[in-house]
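Asker: I need the structure of the sequence given here:
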Amino acid sequence: MRRSAAVLCGATVVLAGTLTAVPASASASHSANTALATAAAKVTWKKCGTDDTPTLQCGSIKVPLDYAKPHGKQIKLALSRVPHTARKSQGPLLVNPGGPGGSGLGLAEFVASSLPAEVAAQYDVIGFDPRGVGESEPAIDCRPGHFDPVRPDAVPSTPALEKANLERTKAFAKACGTKYAAVLPYIDTVSAVKDMDSIRKGLGASKINYFGYSYGTYLGAVYAKLFPERVRRLVLDSIVDPTGVWYEDNIQQDYAFDKRHKAFTAWVAKYDSTYKLGTSAKKIEAKWYAMRAALAKKPAGGKVGASELEDIFIPGGYYNGYWPTLAKTFSAYVNNHDTAALVKAYDNIAAIDASGDNGYSVYAAVQCRDASWPRDWKQWRKDTWAVHEKAPFMAWNNAWYNAPCAFWPTKTLKPVNVSNSKLPPVLLFQATDDAATPYQGGVTMHRLLKNSSLVVEQGGGNHGITLSGNACLDKHLAAYLTNGKVPHGKGVADAVCAKLPDPTPQPATAQKAAAGNSLRALLSSAR
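Answerer: Now for the predicted structure:
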């Protein structure tokens, strides 16, 4: 969830700068956003493959920090590429795992190796670290160790707890403003989209293909809005509601994650013979909250308190492949008072390293800059307690995760209206029970993108659903990338696929689930 994927490409290259003019056919929105010519360097690639990824290449490109000053300060974007091998190429396929703050370097190899070989061979699959992220420079880290355990209980049941959480929140926002005053005004979605078009120019392509997960769907939709004539094919998987950016979207997440946590406890009840926690989902949920209360008083191993426990279990809302591990850990604590299992789960699933600190810093910088947030903490308190009453699992944890936006040191922008009737066919994927990007986001995006088709995974609750083993979904993806064909239906959905079966506690299933975690690691910064 918050841990960033391993960085695959660390090398930088020297770039030869050339000037690329804005094409005469640019749309009005494109022209408005690129009124001044911008330096677009040709990307130079070098081999950086491993035994597992022998064809992987790495590169970088310089772009303006401020596109209103194209010849001013330049920053570096790190890129990765798996080149096409077919005789005829369909051009670059830019991929993004979301976040904001997710490193995209590793996603290129994942997508190239997960697509059918004959489809992947037709594309140069391009990964990139957005501005501020990972191997791009400068990479921001506002307050290293911000998530170090043990944090105050996220639920501010006393004035002292609320004060402690507010102090942490304000300290983070202040540290960002102090360390990165010259950078923060330019860490936002629109700037990242302009970077994508600089990458296009650096690749020498007249158009790009794009495949984005999670927040990457909003990134792709904004690119399509500003540069519609530059879009060849557009795939959006697990879709952000573009009308709720970002305060309302986070509130809707709270309800969806609570529902997903209840799905987890119902699954545990189904396997009482394994986990010995009972056959009533409601009673199992009560045991979970009792565990939380106990850890709030006495953190396990001096490391896992109430807030850290939430951090361990929130990934289960993203991906049910975590459920067997989470249930085993839950059972060990409740039935055997095993605190070591909780500490191990925290270290493996939830602990934040330096890349996670970087990812969160960019997450906050983008979301706090992209749109207006309530500046009166009383509004946050009122709204979050109202959500907590109905959906307590993640309400306050999520509120504190986003709370720096109440005190953010930069001015805010207005969200982009992504409605678009100028695009070629667009393909959308959405699971009905996705918690991180609830179903309505996919329906809304489908309505706003006039030439889009929506493929729904009925009953699916995972986040990031293509290239994860569902052959029905992947069939539509492969067809679209091969020849641009999309399904057409009469209802809200143009095509419906059945969900994959939930996991079982069996070791073989656990091994398959672990294999599926490769995508989850790449989506790990997407909250």
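
Asker: give the contact list for the closest residue in space to residue 137 that isn't next to it in sequence.
Answerer: In space, and not counting its chain neighbours, residue 137 is closest to residue 76: 4.3 Å by Cβ to Cβ, 6 or more residues apart in numbering. C-beta coordinates here come from the backbone N, C-alpha and C atoms, glycine included. Taking Cβ atoms under 8 Å, 6 or more residues apart in numbering, we find residue 76 in contact with 12, 60, 61, 62, 63, 136, 137.

Asker: Out of those residues, which end up buried?
Answerer: 60, 61, 62, 63, 136, 137 (16 or more other Cβ atoms under 10 Å).

Asker: Now name the helix or strand holding the first one.
Answerer: In other words, residue 60. Under the criterion of DSSP states H and E, residue 60 resides in strand 57-64.

Asker: Name the residues of the helix or strand that that strand is followed by that are buried.
Answerer: Using DSSP H and E, the helix or strand that follows strand 57-64 in sequence is strand 74-82. Neighbour-count burial for strand 74-82 flags 75, 76, 77, 78, 79, 80, 81, 82 (criterion: 16+ other Cβ under 10 Å).

Asker: residues contacting the residue lying closest to the last one once chain neighbours are set aside?
Answerer: Once flanking residues are discounted, residue 82 sits nearest to residue 112: 3.8 Å by Cβ to Cβ, 6+ apart. The contact partners of residue 112, taken as Cβ under 8 Å, 6+ apart, are 82, 120, 123, 125.

Asker: can you map out the strands along the protein?
Answerer: Secondary structure of the chain (DSSP state E): strands located at 19-20, 38-39, 46-47, 57-64, 74-82, 92-96, 124-128, 208-213, 231-237, 426-431, 452-458, 495-498.

Asker: okay, the ones you listed in CSV with distance to residue 104 next?
Answerer: Listed next are the strands of the chain as CSV, based on distance: least, Cβ to Cβ, whole Å:
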stretch, distance to residue 104
strand 19-20, 23
strand 38-39, 21
strand 46-47, 18
strand 57-64, 13
strand 74-82, 8
strand 92-96, 5
strand 124-128, 4
strand 208-213, 9
strand 231-237, 14
strand 426-431, 18
strand 452-458, 23
strand 495-498, 26
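
Asker: so which of those strands comes closest to residue 419?
Answerer: Judged by Cβ to Cβ, the one of the strands of the chain that comes nearest to residue 419 is strand 452-458, at 11.1 Å.

Asker: Show me what the closest one is packed against.
Answerer: Applying 3 or more Cβ pairs under 8 Å, 6 or more residues apart in numbering; DSSP states H and E, we find strand 452-458 packed against strand 426-431, helix 439-448, helix 471-483, strand 495-498.

Asker: Could you export these to JSON lines, including columns for distance to residue 349 and mean neighbour count?
Answerer: JSON lines is the format used below for the helices and strands packed on strand 452-458 (distance: least, Cβ to Cβ, whole Å; neighbours: other Cβ atoms under 10 Å):
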{"stretch": "strand 426-431", "distance to residue 349": "21", "mean neighbour count": "27"}
{"stretch": "helix 439-448", "distance to residue 349": "25", "mean neighbour count": "20"}
{"stretch": "helix 471-483", "distance to residue 349": "26", "mean neighbour count": "18"}
{"stretch": "strand 495-498", "distance to residue 349": "28", "mean neighbour count": "17"}
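
Asker: Just send the ones you listed back as JSON lines, with mean pLDDT and distance to residue 287 too.
Answerer: Formatted as JSON lines, the helices and strands packed on strand 452-458 follow (pLDDT from 0 to 100; distance: least, Cβ to Cβ, whole Å):
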{"stretch": "strand 426-431", "mean pLDDT": "98", "distance to residue 287": "28"}
{"stretch": "helix 439-448", "mean pLDDT": "98", "distance to residue 287": "29"}
{"stretch": "helix 471-483", "mean pLDDT": "98", "distance to residue 287": "35"}
{"stretch": "strand 495-498", "mean pLDDT": "98", "distance to residue 287": "32"}
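
Asker: closest one to residue 368 among the ones you listed?
Answerer: Per Cβ to Cβ, nearest to residue 368 of the helices and strands packed on strand 452-458: helix 439-448, 20.3 Å.

Asker: and that closest one with strand 452-458, angle?
Answerer: 160 degrees (axes from the mean of the first three to the mean of the last three Cα atoms, to 10 degrees).

Asker: closest to residue 483 among the buried ones among the contacts of residue 76?
Answerer: Checking the buried ones among the contacts of residue 76 one by one against residue 483 (Cβ to Cβ), the nearest turns out to be residue 61, at 30.3 Å.

Asker: ok, the strand holding residue 60: who's next to it in the sheet?
Answerer: Strand 57-64 has its sheet partners listed here by DSSP bridges as strand 46-47 (antiparallel), strand 74-82 (antiparallel).

Asker: Export these as CSV, with columns for mean pLDDT.
Answerer: Output for those, formatted as CSV (pLDDT from 0 to 100):
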stretch, mean pLDDT
strand 46-47, 96
strand 74-82, 98
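
Asker: Generate JSON lines for those strands, with distance to residue 312 as supplementary columns.
Answerer: Conversion of these to JSON lines gives the following (distance: least, Cβ to Cβ, whole Å):
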{"stretch": "strand 46-47", "distance to residue 312": "39"}
{"stretch": "strand 74-82", "distance to residue 312": "31"}
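
Asker: Of the ones you listed, which is nearest residue 97?
Answerer: Nearest to residue 97, of all the strands paired with strand 57-64, is strand 74-82, at 12.2 Å by Cβ to Cβ.

Asker: Which parts of the stretch 301-450 of the chain are helices?
Answerer: Using DSSP state H, counting those that start in this stretch, the helices of the stretch 301-450 of the chain run over 306-313, 315-318, 323-336, 339-345, 354-370, 377-390, 395-402, 439-448.

Asker: Mind checking those helices for the one nearest to residue 204?
Answerer: Ranking the helices of the stretch 301-450 of the chain by proximity to residue 204 (Cβ to Cβ) places helix 354-370 first, at 28.1 Å.

Asker: and that closest one, how far from the chain's centre?
Answerer: Relative to the centre of its chain, helix 354-370 is centred 11 Å away, using Cα atoms, centre = their mean, to the nearest Å.

Asker: now the residue lying closest to residue 403 once chain neighbours are set aside: how far from residue 175?
Answerer: Once flanking residues are discounted, residue 403 sits nearest to residue 169: 4.3 Å by Cβ to Cβ, 6+ apart. Separation of residue 169 from residue 175 (Cβ to Cβ, to the nearest Å) stands at 11 Å.

Asker: what about these two, which has more around it?
Answerer: Neighbour totals were compared for residue 169 and residue 175, and residue 169 leads with 22 against 18 (other Cβ atoms under 10 Å).

Asker: wait, that one sits on residue 408?
Answerer: No: contact criterion Cβ atoms under 8 Å: residue 169 and residue 408 do not qualify, at 10.4 Å.

Asker: hang on, the earlier thing: which one, of the helices of the stretch 301-450 of the chain, ends up nearest to residue 492?
Answerer: Of all the helices of the stretch 301-450 of the chain, helix 439-448 sits nearest to residue 492, with 6.0 Å by Cβ to Cβ.

Asker: so what does that closest one touch, helix or strand wise?
Answerer: In terms of contacts (3+ Cβ pairs under 8 Å, 6+ apart), helix 439-448 is packed against helix 215-226, strand 426-431, strand 452-458.

Asker: I'd like the C-alpha coordinates of the longest one written as PDB, please.
Answerer: Taking Å, rounded to 0.1, in the frame of the first residue of the first chain, the C-alpha atoms of helix 215-226 are listed here in PDB:
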ATOM      1  CA  TYR A 215      -4.500   7.600  -9.500                       C
ATOM      2  CA  GLY A 216      -2.900   6.800 -12.800                       C
ATOM      3  CA  THR A 217      -6.400   6.900 -14.300                       C
ATOM      4  CA  TYR A 218      -6.800  10.500 -13.300                       C
ATOM      5  CA  LEU A 219      -3.400  11.300 -14.600                       C
ATOM      6  CA  GLY A 220      -4.300   9.700 -18.000                       C
ATOM      7  CA  ALA A 221      -7.700  11.400 -18.100                       C
ATOM      8  CA  VAL A 222      -6.100  14.800 -17.500                       C
ATOM      9  CA  TYR A 223      -3.500  14.100 -20.200                       C
ATOM     10  CA  ALA A 224      -6.300  13.300 -22.600                       C
ATOM     11  CA  LYS A 225      -8.100  16.500 -21.700                       C
ATOM     12  CA  LEU A 226      -5.000  18.700 -22.200                       C
END
